[in-house]
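Student: The sequence isn't on hand, but the structure is:
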């Protein structure tokens, strides 16, 4: 029986808080499936299972904070497939060699009369119901055509709709934490779209559906209303804790990693012309932002200069098995996280743009996967949308490099002996001097420049 333990989701993680289970005892699990939600000092993360089998026992209750490596659950072997068991039973029933086969059993005689099979679905049948009942059914999400009315002549009554709505509510898959949060925040679970396994409603779904601003509730004392804090206010303390954790990690990185810094200015005229032409010919859903070109160039350059794509552990450099591009994302409640776009160098630009939007959205709603926050091999920070022109970042250990991009701005510059105005971007590199030196860093920025000036290669 395998142990599912609290994973290490970053070099600075010593402990984590189990927020909720996404599976229960007896549920089948597969390698890579998200099975729990864990909160670290920096973010809320969905943790994947690293075994295939059946969840045998949950050892830790939601809300508990435990050190990295603590067993959270036990995973047993997968249940044997029914078809295999049936084949074994058939083999045992088969006559042995030399033994006469048993005659087949005669089929059962058909019944002279069959009772009608009751059904709750009456597709295509006109359903009698008054206007108020129809309105209640629509509001409750109950289809009238699925009901057998208990009123005169099969007419659907208010009680029929309410009972159907209550049964639907019971059938909803809701995690215990999500159910508790819904009750505390006044969220109707029937209106929440579940994003968990088998469309289960999770805590993050409830928070997403909760009303944002604080609301006043009636009070026994006139003039002293009770205020229910909003989700943003409830997450304020977490944001402060995340900023402290990030500050601690960056302080250690500055102290322990001998940084060196390089910078270059990249002519973006060819890239912007290519981008405008691509967007003009593409449907809205496939249009690109300049960030997609910058990220793809950073990823391809990391593949070309592998000395900067990997980690420094146990006093030596280990090259990454792929280019897993970390993207720095600021969180609404405060703090920063850098989830990875796996194999970013192989993603076509439209797919990279889609992956970027997806990971940013999930980072800000607490739905990142464990592999996304622990697998990055090189990180990019892009503050161009904030108006910043140059950014020198601090390396995320155990990585050995961080790339920074600023805003694309128009500047006067000399091109082929003529003075003109061109769009340019400042690209910077923060690198670990234990793993590389300035010559390697210069090769990397030269590769980025070449790619951005030849956008057809992206």
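Tutor: Arrived safely. Please read these numbers as outputs of a predicted model, since none were measured by experiment.

Student: Please enumerate the helices of the stretch 301-450 of the chain.
Tutor: Ranges of helices within the stretch 301-450 of the chain are 349-364, 370-374, 438-453, based on DSSP state H, counting those that start in this stretch.

Student: who wins for proximity to residue 29 among those helices?
Tutor: helix 370-374 (14.1 Å; Cβ to Cβ). Where C-beta positions appear, they are placed from N, C-alpha and C, glycine not excepted.

Student: Measure how far the closest one is from the centre of its chain, please.
Tutor: 10 Å (Cα atoms, centre = their mean, to the nearest Å).

Student: tell me what it is packed against?
Tutor: strand 44-48, strand 340-341 (3 or more Cβ pairs under 8 Å, 6 or more residues apart in numbering; DSSP states H and E).

Student: which residues touch stretch 304-314?
Tutor: 257, 302-303, 317-320, 323, 377-378, 397-401, 429, 431-432, 434-436, 440-441, 443-444, 447 (Cβ atoms under 8 Å, 6 or more residues apart in numbering).

Student: Would you mark the buried spots in the lengthiest helix in the chain?
Tutor: Criterion DSSP state H: the longest helix present in the chain is helix 236-256. Residues of helix 236-256 classed as buried by neighbour count (16 or more other Cβ atoms under 10 Å): 238, 241, 242, 243, 245, 246, 249, 250, 253.

Student: circling back: when you check the contacts of stretch 304-314 against the strands, which ones overlap?
Tutor: Cross-referencing those against strands under DSSP state E gives 317, 318, 319, 378, 401, 429, 431, 432.

Student: sec struct for the closest residue to residue 28 other than its chain neighbours, please.
Tutor: With sequence-adjacent residues excluded and distances taken as Cβ to Cβ, 6 or more residues apart in numbering, residue 28 is closest to residue 54, at 5.6 Å. Under DSSP: H, G, I helix; E, B strand; the rest coil, the three-state class of residue 54 is strand.

Student: Can you name the residues that contact residue 54?
Tutor: Residue 54 touches 26, 27, 28, 29, 75, 76, 77, 78, 79, counting by Cβ under 8 Å, 6+ apart.

Student: Show me the beta-bridge partners of it.
Tutor: Per DSSP bridges, the residues bridged to residue 54 are residue 28, residue 76.

Student: and it, how far is that from residue 24?
Tutor: 11 Å (Cβ to Cβ, to the nearest Å).

Student: related to what we said a few turns ago, mark which of the contacts of stretch 304-314 are buried, thanks.
Tutor: 257, 302-303, 317, 320, 323, 377-378, 397-401, 429, 431-432, 435-436, 440-441, 443-444, 447.

Student: Tell me where the model's unsure across the stretch 351-458 of the chain.
Tutor: The stretch 351-458 of the chain contains no residues with pLDDT under 70.

Student: just to revisit the earlier point, okay, the contacts of residue 54 in CSV with neighbour count and pLDDT next?
Tutor: Formatted as CSV, the contacts of residue 54 follow (neighbours: other Cβ atoms under 10 Å; pLDDT from 0 to 100):
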residue, neighbour count, pLDDT
26, 11, 90
27, 14, 90
28, 12, 92
29, 23, 92
75, 20, 93
76, 14, 91
77, 12, 85
78, 13, 72
79, 11, 56
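
Student: Residue 283: which of the residues you listed is nearest?
Tutor: residue 29 (38.4 Å).

Student: okay, now residue 350: neighbour count?
Tutor: 16 (other Cβ atoms under 10 Å).

Student: Give me the pLDDT value at residue 68.
Tutor: Listed pLDDT for residue 68 reads 92.

Student: What is the three-state secondary structure of the nearest residue to it once chain neighbours are set aside?
Tutor: Spatial nearest neighbour of residue 68, chain neighbours left out: residue 8 (4.8 Å); criterion: Cβ to Cβ, 6+ apart. Here residue 8 is recorded as coil under three-state DSSP.

Student: Thought residue 323 was touching residue 303, still the case?
Tutor: Yes: with contact defined as Cβ atoms under 8 Å, residue 303 reaches residue 323; the gap is 5.3 Å.

Student: now stretch 165-175: mean pLDDT?
Tutor: On average, stretch 165-175 scores 65.

Student: State the distance from residue 72 to residue 380.
Tutor: Applying Cβ to Cβ, the value for residue 72 to residue 380 is 33 Å.

Student: Please say which of the two ends up with more neighbours.
Tutor: Neighbour count, other Cβ under 10 Å: between residue 72 and residue 380, residue 380 has more, with 26 against 21.

Student: so that one bridges to which residues?
Tutor: Residues in beta-bridge contact with residue 380 (DSSP bridges): residue 327, residue 403.

Student: when you give positions from now on, start the count at 5
Tutor: All set: I'll call the first residue 5, so the last point we hit is now residue 384.

Student: And the ones in strands among the contacts of stretch 308-318, which is closest to residue 287?
Tutor: Nearest member of the ones in strands among the contacts of stretch 308-318 to residue 287, counting by Cβ to Cβ, is residue 382, at 31.6 Å.

Student: What number of residues are in the vicinity of residue 17?
Tutor: So residue 17, with other Cβ under 10 Å, has 21 neighbours.

Student: again but with residue 279, I slipped
Tutor: By other Cβ under 10 Å, the residues close to residue 279 number 20.

Student: ok, the residue nearest to it when sequence neighbours are not counted to residue 299 distance?
Tutor: Using Cβ to Cβ, 6+ apart and skipping the chain neighbours, the partner closest in space to residue 279 is residue 292 (6.0 Å). Distance of residue 292 to residue 299, given as Cβ to Cβ: 10 Å.

Student: Pick out whichever of these two has more residues nearby.
Tutor: The residue with more neighbours, out of residue 292 and residue 299, is residue 299; 26 against 18, by other Cβ under 10 Å.

Student: which stretch of helix or strand covers the more buried one?
Tutor: helix 294-308 (DSSP states H and E).

Student: Next, the distance between the ends of stretch 404-422.
Tutor: By Cα to Cα, to the nearest Å, the extent of stretch 404-422 from end to end equals 40 Å.

Student: ok so, going back, any chance of the helices and strands packed on helix 374-378 in CSV, plus distance to residue 356 and mean pLDDT?
Tutor: Output for these, formatted as CSV (distance: least, Cβ to Cβ, whole Å; pLDDT from 0 to 100):
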stretch, distance to residue 356, mean pLDDT
strand 48-52, 22, 89
strand 344-345, 7, 96
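
Student: That concludes my questions; thank you for your assistance.
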